[in-house]
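Undergrad: Need coordinates for the below:
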Amino acid sequence: MTQTIDGRARHRGTSAPQSFRAAWPALLGLCLTQLVEMVDNSILNVAVPVIGRDLDASPTDLQWIVGAYSLTFGGLLMVGGTLGDKLGRRRTISWGLALFGLAGLAVLLVQTPAQLIAVRAVSGAFAAMIAPITMSLLFRLFDRDDLRGRAIGLIMTVSMIGFAVGPTLAGLALEHMPWQMLLVLNAPVALVAWLGVRLGLDRDRPEDLRGGAADVPGAMLSVAALGLLLSTFTAGVEFGWLDPRTLLVLAGGLLALAGFVRRERTAAAPMLDLSLFRIPTVRGSAILQTSVMTAMAGVMFVSTQLYQFAWGWTPLQAGLANLPFVVGMMGAGPFVDRAVAAWGHRRTSLYAVLVLLASLAVWIYAVGHTFFWCALGMLMMTVAMRAVMTTGAVALLGALPESHTSIGSALNDTAQELGNAVGLAVVGTVMASVVGTVLPAGAWDAATVSAFVHSQQISFALLAVLVVVLAAVGIRTLTDSRETEEH
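TA: A predicted model of the protein is given here:
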C-alpha cells in the first residue's frame, strides 16, 4: 500500500509488522533510545553535590556541568532532524547511539570540571542526532494507525518515566558506585538500543531522503549565540556586569544571534524556517513551553543541593525525595485530558500557569522549612508542567501543515531545552552572587545554609517573573481547541 508521510508518498509494501510482537526488536531499540536520552537529561542533578566535592567545582562549574548538555542538545536538535532526512534516519540514529555511548565512557578520563563540561556538551550533541529521529522512525515502523497510536503512547510514557525517574535512579546508584558510572552505564544501554535499531528497522531507501546539505553554519551560530548569551551571566558575576570582558561576551552573543537570523533567512536549506514563527500559535506555544521548563529546571537543580548540602541527606535520600515529581508526572495525565476536554487549550494552560506560580511560592517557603512543603511544591509543579506540555505540543504541531510535523517536533523539544538552559543560568548565577563562587568543602555551616536559602528564594522569585512574562505572551496565542493527541 502507499502511505503519505511528511508530504511524500512512500511504498510500504507488505513488510510492515502487523503487531507489537513482530516489531519487538525495533520497539525495544527505540524505547531504550528514548529512555537513555531522557534519563541522561536529568540523572546528574542528584549527583551534583558529589561531583562538586570530587572535582572541587564552583557553583558556576556545577551550573555548566548540568547545562552544557541542554545547550548543545537544544541547539543541534533541528540539525539532527535534518541529518536524518538527508543521510537516512536509521543511519543517523545508529551513529548517534554509537557516539553517545562512547561519550559516556569518556567520563572515565575526566579529572577537572572543564573536562566534564566538555564531555556533557559532546553527549548533548550526539543526543541531538537521536531524539528528533526516534518518533519519526516509530511512525514509519507501522502502516496501521492503531499500532502507530499505541506505539507513540508507549514511547511517550517511556520518555516521561525516564525524565522523572532519572534522579531517583541516580540516588540509588550513588549508594553503591562512583558518580562516573551514571554516565558509563549509557554505553551498554546504547549498545542494546543500537542492536534493536539495526535488527528491527529496514535500511534507509534513497527515495526517502531529501537532497541538499545540512545547515552546519546555522547550527554553529545557534549554539554560539545561546552559549555566549548564557555565559554573560557567569561573566557578570565573576568580573562585574559593566566589565569590558562581560560586555564583550554579551556582544559576541548578540552578534552570533544576528548572524543566525541572517543565515536562516538567506540559506537555501535553513536549519530553522523562521517563517514558521509568523504563525502565532507556533510562536506562542514554543514560548509557553520555554517558560515552564525554565521553572522546572531551576527547581530540580536547586532541590538536590538543598537536600544534600543544606540538609545533609545522602544521595539515596535525595534521589527518593524526587518521587513526588514522578507521581505528579504520571498521575496528572487523566486529569489533564479531562481539563482540556472541558476548558480547551487556552484556559487549561492559564490555570496550569497559575498553579505553577503557586508552586514557586511554595518553594520560596519550602527551602527554609521542611520536606513536606518541597513535596507539595513538586506535585503542583509537575501537574502544571504536564498540562502545559500537553496543550503546548498539541497546539504547536496542530498549527503546522502535515509536511512540517518533523521540524515541529524538533522545534517543540528545542523550546523545552532552551527553558532548561535559562533556568539553570538564573539559579546558578544568583547562587554564585549570594553564596560565593567557591563552595565550602564538607558540611555547610549555618551561615552558608542561610545564604543558600536566601539565594534560592531570590531565584524562585525571578523565575516566577520570567514565567509571568513568557506565559502571558504564549497563552494569548492558543485557541479553545480540545485536542489532546499530537498529529
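
Undergrad: What's the separation between the closest residue in space to N322 that isn't next to it in sequence and P334?
TA: Once flanking residues are discounted, N322 sits nearest to P167: 4.1 Å by CB to CB, 6 or more residues apart in numbering. In short, each C-beta sits where N, CA and C put it, glycine included. As judged by CB to CB, to the nearest Å, P167 and P334 stand 24 Å apart.

Undergrad: Next up, the contacts around the most centrally placed residue in the chain.
TA: Most central in the chain under CA atoms, centre = their mean is E417, positioned 4.2 Å from the mean C-alpha point. Shown in contact with E417 (CB atoms under 8 Å, 6 or more residues apart in numbering): S70, F73, G74, L77, M293.

Undergrad: rewinding a little: the more surrounded of P167 and P334?
TA: P167 (28 against 8; other CB atoms under 10 Å).

Undergrad: which SSE is the more buried one in?
TA: Following DSSP states H and E, one finds P167 within helix 145-174.

Undergrad: Q457 now?
TA: helix 446-475.

Undergrad: What is that helix packed up against?
TA: The contact analysis (3 or more CB pairs under 8 Å, 6 or more residues apart in numbering; DSSP states H and E) places helix 446-475 against helix 280-305, helix 323-366, helix 405-434.

Undergrad: between the longest one and helix 280-305, how many degrees?
TA: The directions of helix 323-366 and helix 280-305 differ by 80 degrees, with axes from the mean of the first three to the mean of the last three CA atoms, to 10 degrees as the criterion.

Undergrad: OK, contacts around the residue nearest to N322?
TA: S42, I43, N45, V46, M300, T304, A318, G319, N322, F325.

Undergrad: Least confident of those?
TA: Among these, S42 carries the lowest pLDDT, at 68.

Undergrad: what's stretch 186-196 in contact with?
TA: Looking at stretch 186-196 with CB under 8 Å, 6+ apart, the contacting residues turn out to be 25-30, 32-33, 35-36, 40, 94, 97-98, 100-105, 123.

Undergrad: Buried ones among the residues you listed?
TA: 25-30, 32-33, 35-36, 40, 94, 97-98, 100-101, 103-104, 123 (16 or more other CB atoms under 10 Å).

Undergrad: ok so Q111 is a strand residue?
TA: No: counting by DSSP: H, G, I helix; E, B strand; the rest coil, Q111 falls outside a strand, being coil.

Undergrad: Distance of the closest residue to it other than its chain neighbours relative to V107?
TA: Counting by CB to CB, 6+ apart, Q111 lies nearest to L55, which is 7.6 Å off, once chain neighbours are set aside. Remark: distance between L55 and V107 (CB to CB) = 11 Å.

Undergrad: and for these two, which residues touch both?
TA: L116.

Undergrad: Identify the residue nearest Q317 in space, chain neighbours excluded?
TA: Q317's closest residue in space is Y307 (CB to CB, 6+ apart), at 6.7 Å.

Undergrad: L102 versus that neighbour, what's the distance?
TA: 32 Å.

Undergrad: Check S123 too.
TA: Taken as CB to CB, the span from S123 to L102 is 10 Å.

Undergrad: again with L137
TA: The value you get for L137 to L102, if CB to CB is used, is 21 Å.

Undergrad: The residue nearest to Q111 is in contact with W64, isn't it?
TA: No: applying CB atoms under 8 Å as the test, L55 and W64 come out as separate, 12.0 Å apart.

Undergrad: okay, these two: which has more neighbours?
TA: W64 (26 against 19).

Undergrad: and that one, what is it in contact with?
TA: P113, I117, T234, G428 are the contacts of W64 under CB under 8 Å, 6+ apart.

Undergrad: Helix or strand: which one has the closest residue to the first one other than its chain neighbours?
TA: So the one you mean is P113. Once flanking residues are discounted, P113 sits nearest to D61: 3.8 Å by CB to CB, 6+ apart. Here D61, judged by DSSP H and E, is contained in helix 59-87.

Undergrad: For whatever helix or strand comes next after that helix, enumerate the helices and strands it packs against.
TA: Using DSSP H and E, the next helix or strand after helix 59-87 towards the C-terminus is helix 89-105. Where contact means 3+ CB pairs under 8 Å, 6+ apart, helix 89-105 is packed against helix 24-42, helix 59-87, helix 113-127, helix 131-141, helix 181-184, helix 186-200.

Undergrad: How is the protein divided into domains?
TA: Domain ranges of the chain: 23-213, 215-270, 275-487, per automatic domain parsing.

Undergrad: Point out the one among the ones you listed that comes closest to A16.
TA: Between A16 and these, the shortest separation by CB to CB is 4.1 Å, and it involves domain 23-213.

Undergrad: Scan the contacts of P167 and report the most crowded one.
TA: Ranked by the number of neighbours (other CB under 10 Å), those place V46 first, at 33 neighbours.

Undergrad: what about it, which SS state?
TA: V46 ends up helix, using three-state DSSP.

Undergrad: can you pull the contacts of A170?
TA: Neighbours of A170 in contact, by CB under 8 Å, 6+ apart: I43, L44, N45, V46, A47, L182, P315, G319.

Undergrad: re earlier: anything in contact with each of L55 and W64?
TA: Counting by CB under 8 Å, 6+ apart, the residues touching both L55 and W64 are P113.

Undergrad: give me phi/psi at D445?
TA: phi -80, psi 170 (degrees, to the nearest 10).

Undergrad: Share the number of residues neighbouring it, please.
TA: 10.

Undergrad: again with R91
TA: The burial count for R91: 16, using other CB under 10 Å.

Undergrad: Around the residue nearest to it when sequence neighbours are not counted, count how many other residues there are.
TA: Leaving out its chain neighbours, the residue that sits closest to R91 by CB to CB, 6+ apart is D204, at 5.6 Å. Look at D204: counted by other CB under 10 Å, it has 16 neighbours.

Undergrad: residues touching D204, list them.
TA: Going by CB under 8 Å, 6+ apart, D204 touches L87, G88, R89, R90, R91.

Undergrad: That one belongs to a helix?
TA: No: counting by three-state DSSP, D204 is not part of a helix but coil.

Undergrad: Quick check: it vs A26, distance?
TA: 14 Å.

Undergrad: again with T168
TA: Taking CB to CB, one finds T168 at 28 Å from A26.

Undergrad: same deal with G253?
TA: Distance from G253 to A26, by CB to CB: 41 Å.

Undergrad: what do you get for V302?
TA: In terms of CB to CB, V302 sits 39 Å off from A26.

Undergrad: still on that earlier bit, which of the contacts of W64 has the largest number of neighbours?
TA: Most surrounded of the contacts of W64: other CB under 10 Å gives G428, at 28 neighbours.

Undergrad: give me every residue that touches the residue lying closest to it once chain neighbours are set aside.
TA: Leaving out its chain neighbours, the residue that sits closest to G428 by CB to CB, 6+ apart is Q63, at 2.9 Å. Residues near Q63 by CB under 8 Å, 6+ apart: T234, F301, L424, A425, V427, G428, T429, M431, A432.

Undergrad: Of the residues you listed, which is the nearest to I133?
TA: L424 (25.9 Å).

Undergrad: what's around the closest one, how many residues?
TA: There are 27 residues near L424, going by other CB under 10 Å.
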